[in-house]
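> sequence unknown, structure follows:
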């Protein structure tokens, strides 16, 4: 747009033929149609809020902040508990706690009220949960349990394959409980719908909770196999499965090799080998019209019961099991 009258208009409706010379840098008319241009301003909202260990509340907005923001305590009643602090960034607002009662609270719940200048000074509100950074070092009494939340630095990024999946990466510590808090309006979808606030608790197990499977794939007797297995050993894919046969991990093996499956929860597991004839790294179905059989698979004959803090060493004699004609058979403990 080049005309000031059009730039300041909320809605423009016109035919494309009449748009020439009325503020559009058009070169030629490609088709005749009527269209409407509706101006939708970016919605003002809070995209991040935190509380430092020195009592400073930092709030970052979606766009530059115009006007003042007011805070109201929801889990306390202290009067005059904050003062506004000058911010060096136009999209941020800072508040300093001035009440000792509020500053010593483990967590502060406040209601923020602010205006959206570009939407006729529309008044908006949002609820902020502000936990305190850890400061208590010595807590007396063996019969007391005190939970203190401490913010953890993390990286948040989209999955490279599925753009609707996101990952949270942090320096997780074992035997530690964590809480993921997502503020309301943190995400906006293609229809401009925004999320409600949500919270998810999870924990990281200690290292001795997990077990390990060390597998040696033994191919020493492949030369004595019947002629129906002339090329099966050239490419193998070894898979670790749970009881429902969900693939947990897999490795390609072309020679006698040792494979380690670590950080496994105590549970029953299965081992499966795919004789990858076409070397595509996965199981391939057959082709009826081309008279091609599906690729053969073989299971380790027993279900593996893994316990915590234990390394299970297994030597799998592939050639011996093939000679016993156990291709495609399920583990002995569970056959489907």
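Everything's here; your move. Because the structure is a prediction, the values reported are computed rather than measured. Numbers count the residues shown, from 1 in each chain.
> Find the residue at the geometric middle of this protein.
residue 167 (2.9 Å; CA atoms, centre = their mean).
> contacting residues for the residue lying closest to that one once chain neighbours are set aside?
Using CB to CB, 6 or more residues apart in numbering and skipping the chain neighbours, the partner closest in space to residue 167 is residue 157 (5.7 Å). Every residue, glycine included, has its C-beta placed from N, CA and C. Contact partners of residue 157, counting by CB atoms under 8 Å, 6 or more residues apart in numbering, are 166-167, 169.
> show me where the stretch 1-150 of the chain has strands.
11-15, 34-38, 46-51, 56-61, 70-73, 82-85, 92-97, 107-116, 122-131 (DSSP state E, counting those that start in this stretch).
> Quick one: these as JSON lines, columns for mean neighbour count, mean pLDDT and distance to residue 318 too.
Below are the strands of the stretch 1-150 of the chain laid out as JSON lines (neighbours: other CB atoms under 10 Å; pLDDT from 0 to 100; distance: least, CB to CB, whole Å):
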{"stretch": "strand 11-15", "mean neighbour count": "12", "mean pLDDT": "61", "distance to residue 318": "72"}
{"stretch": "strand 34-38", "mean neighbour count": "10", "mean pLDDT": "63", "distance to residue 318": "67"}
{"stretch": "strand 46-51", "mean neighbour count": "17", "mean pLDDT": "86", "distance to residue 318": "55"}
{"stretch": "strand 56-61", "mean neighbour count": "18", "mean pLDDT": "90", "distance to residue 318": "58"}
{"stretch": "strand 70-73", "mean neighbour count": "16", "mean pLDDT": "92", "distance to residue 318": "68"}
{"stretch": "strand 82-85", "mean neighbour count": "14", "mean pLDDT": "92", "distance to residue 318": "70"}
{"stretch": "strand 92-97", "mean neighbour count": "18", "mean pLDDT": "92", "distance to residue 318": "63"}
{"stretch": "strand 107-116", "mean neighbour count": "18", "mean pLDDT": "89", "distance to residue 318": "58"}
{"stretch": "strand 122-131", "mean neighbour count": "16", "mean pLDDT": "86", "distance to residue 318": "55"}
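> Distance to residue 298 for these - can I get that in a markdown table?
Shown next, in a markdown table, are the strands of the stretch 1-150 of the chain (distance: least, CB to CB, whole Å):
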| stretch | distance to residue 298 |
| --- | --- |
| strand 11-15 | 68 |
| strand 34-38 | 63 |
| strand 46-51 | 53 |
| strand 56-61 | 57 |
| strand 70-73 | 66 |
| strand 82-85 | 68 |
| strand 92-97 | 61 |
| strand 107-116 | 56 |
| strand 122-131 | 53 |
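> out of the ones you listed, which comes closest to residue 275?
strand 46-51 (52.8 Å; CB to CB).
> Give me the contact list for the closest one.
57-62, 108, 112, 126, 128, 130-133, 151, 183, 185-186.
> Report the separation between residue 87 and residue 94.
5 Å (CB to CB, to the nearest Å).
> For the biggest helix by length in the chain, buried residues please.
Taking DSSP state H as the criterion, the chain has its longest helix at helix 318-323. Of all the residues in helix 318-323, those buried under the rule 16 or more other CB atoms under 10 Å are 318-319, 321-322.
> Quick one: mean pLDDT for that helix?
The pLDDT scores in helix 318-323 average 76.
> what's the answer for stretch 258-268, then?
Stretch 258-268 carries an average pLDDT of 92.
> which of the residues in it are buried?
259, 261, 264.
> got a list of contacts for whichever helix or strand the first one is part of?
So that's residue 259. Assigned by DSSP states H and E, residue 259 belongs to strand 257-264. Applying CB under 8 Å, 6+ apart, the contact partners of strand 257-264 are 210-217, 238, 240, 248-249, 251, 253, 269, 306.
> Flag the shaky bits of this protein, pLDDT-wise.
Within the chain, the stretches with pLDDT under 70 are 1-41, 132-147, 220-233, 254-256, 324-336.
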